[in-house]
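> can't give you the sequence, but here's the structure:
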Ligand SMILES: Cc1cc2nc3c(=O)[nH]c(=O)nc-3n(C[C@H](O)[C@H](O)[C@H](O)COP(=O)(O)OP(=O)(O)OC[C@H]3O[C@@H](n4cnc5c(N)ncnc54)[C@H](O)[C@@H]3O)c2cc1C
């Protein structure tokens, strides 16, 4: 049986970030990924620039566009509203390349990467965690980090599972006339009223648009037809080739239950850390990885096992504010067009996206002149 100081399951942004931090601390680190890189991930690929404050390397080489505008629309209203607010700058990435870049940084720091290896079970005992893979290998470590996404096998094995979350469907749409991208490539589009408790989006990339629709509901009959109705709203997507339509889960945070046991710790989607207002998950996967790296090794050295310190820290820095986010969701989604027509709301949304304010600050922000 191979032994490591730390095993991470899943090489998305959360897993790759934690692996790099672990290897940089000098720990013998193994990162296990079921796919081969560069692998695809169903995702809009919108990344807040605030992520730069969490990464100790430059990722701008994999940013395809930076959008500075937002268009809002509602299904039964004829008029769209486009804003170019001060300070708005959301980076657009292709997840295959973005995640591969992060994984390379983890490997450069000394992480051992096991690709095309699926973890099938995780067994925790008093002194160890044993990870079993589909290749029949058993690996043991004093700690295992579950970074294996919305359908986390690590969360389920550790008794920390919370279901799969909301659902979404997305496709990549390649316009035949590239000038369409010049015309519409500087803004992200958000459409309301096309799906209950959710929204549709059009995010521009280098050579295409990522078009999708998602809801916080865990079950949505007719998702494909809702997607088609949303897509048909945009004339500029008519003369275009559509790639495969793919669905996946968005584990919106619904509660702040435990995110770790004595030897297993969950980060990102496996811990259901997606922002319940916006659906943003990449930043929080990376932030939770950073919080885990700050807390778990210290605790292991001090006590030989984890307490609830990591969970408490995530609550304090992420999920406590999500209580206010859910509240904002209920208010905003009752009448999105009432809100997105107001400059103050757009300024608040921009500052939220940049992580300059939190949801709990929203009222004082709206009162500001
Ligand atoms: C349609 C859609 C659009 C989205 N758009 C955005 C957006 O624009 N911006 C944003 O910030 N967030 C977005 N999200 C959310 C975002 O994709 C996730 O929050 C983010 O990917 C979480 O990162 P992670 O590292 O926790 O998990 P993931 O990125 O899901 O990575 C998990 C990794 O674990 C691997 N894995 C899974 N099971 C196993 C196993 N048993 N053994 C080994 N490996 C395993 C997977 O192959 C994967 O590589 C979107 C989500 C969806 C579904």
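Nice, I can see it. Owing to the predicted nature of the structure, the values given are computational and were not obtained by experimental measurement. Numbers count the residues shown, from 1 in each chain.
> please make it C-alpha for all contacts and neighbour counts, starting now.
Will do.
> how many residues are close by residue 1?
Residues lying near residue 1 (other CA atoms under 10 Å) number 7.
> and the strand or helix carrying residue 289, average pLDDT?
In this structure, residue 289 is located in helix 282-303 according to DSSP states H and E. For helix 282-303, the mean pLDDT works out to 96.
> that helix and the ligand, are they touching?
Yes. Using CA under 6 Å from any ligand atom, helix 282-303 reaches the ligand at 282, 283, 285.
> partners of the nearest residue to residue 197 once chain neighbours are set aside in the sheet?
Take residue 197 and drop its neighbours on the chain: the residue closest to it by CA to CA, 6 or more residues apart in numbering is residue 215, 5.4 Å away. The bridge-partner assignment for residue 215, based on DSSP bridges, gives residue 167, residue 198.
> surely residue 215 touches residue 194?
No. Using CA atoms under 8 Å, residue 215 makes no contact with residue 194, being 10.0 Å away.
> settle it for me: which of the two has more neighbours?
Using other CA under 10 Å, the more surrounded residue of residue 215 and residue 194 is residue 215, with 23 against 19.
> could you give me the buried positions within stretch 359-366?
359, 360, 362, 365 (16 or more other CA atoms under 10 Å).
> same question, stretch 254-265
Neighbour counts over stretch 254-265 (16+ other CA under 10 Å) mark 254, 256, 257, 258, 259, 260, 261, 262, 263, 264, 265 as buried.
> what stretches of the stretch 51-200 of the chain score poorly on pLDDT?
Judged against pLDDT under 70, the stretch 51-200 of the chain has no low-scoring part.
> got the residues of the stretch 201-350 of the chain near the ligand?
Counting by CA under 6 Å from any ligand atom, the stretch 201-350 of the chain sits next to the ligand at 248, 249, 250, 268, 269, 270, 274, 280, 281, 282, 283, 285.
> and those residues, which is closest to residue 23?
For these, the minimum distance to residue 23 (CA to CA) is 18.0 Å, reached by residue 285.
> bridged to residue 7, which residues?
If you apply DSSP bridges, the partners that residue 7 bridges to are residue 30, residue 144.
> can you pull the contacts of it?
Contacts were defined as CA atoms under 8 Å, 6 or more residues apart in numbering; by that measure residue 7 touches 29, 30, 31, 32, 140, 141, 143, 144, 145.
> just to check, the fourth one is in contact with residue 115?
Okay, so that is residue 32. Yes. Because the distance of 6.1 Å satisfies CA under 8 Å, residue 32 is recorded as touching residue 115.
> find the nearest non-adjacent residue to residue 279, please.
That would be residue 252: by CA to CA, 6+ apart, it lies 6.8 Å from residue 279.
> show me the domain layout of the chain.
Listed by automatic domain parsing, the domain ranges of the chain are 2-45+95-163+255-334, 61-93+166-250.
> and these as CSV, adding distance to residue 352?
Putting these into CSV (distance: least, CA to CA, whole Å) gives the following:
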stretch, distance to residue 352
domain 2-45+95-163+255-334, 10
domain 61-93+166-250, 10
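> just name the most buried of these.
Of those, the one with the most neighbours on average (mean count of other CA atoms under 10 Å) is domain 2-45+95-163+255-334, at a mean of 21.
> and the most centrally placed residue in the chain, what does it touch?
Note on the chain: the residue nearest the mean C-alpha position is residue 281, at 2.2 Å, using CA atoms, centre = their mean. Contacts for residue 281 were tallied using CA under 8 Å, 6+ apart; they are 268, 269, 273, 274, 275.
> reformat these as TSV; add distance to residue 46.
Supplementary listing: the contacts of residue 281 in TSV, determined by distance: CA to CA, whole Å:
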residue	distance to residue 46
268	16
269	16
273	16
274	13
275	13
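> and the end-to-end length of stretch 6-22?
Between the opening and closing residues of stretch 6-22 lies a distance of 8 Å (CA to CA, to the nearest Å).
> now do stretch 85-98
Start-to-end span of stretch 85-98 (CA to CA) is 26 Å.
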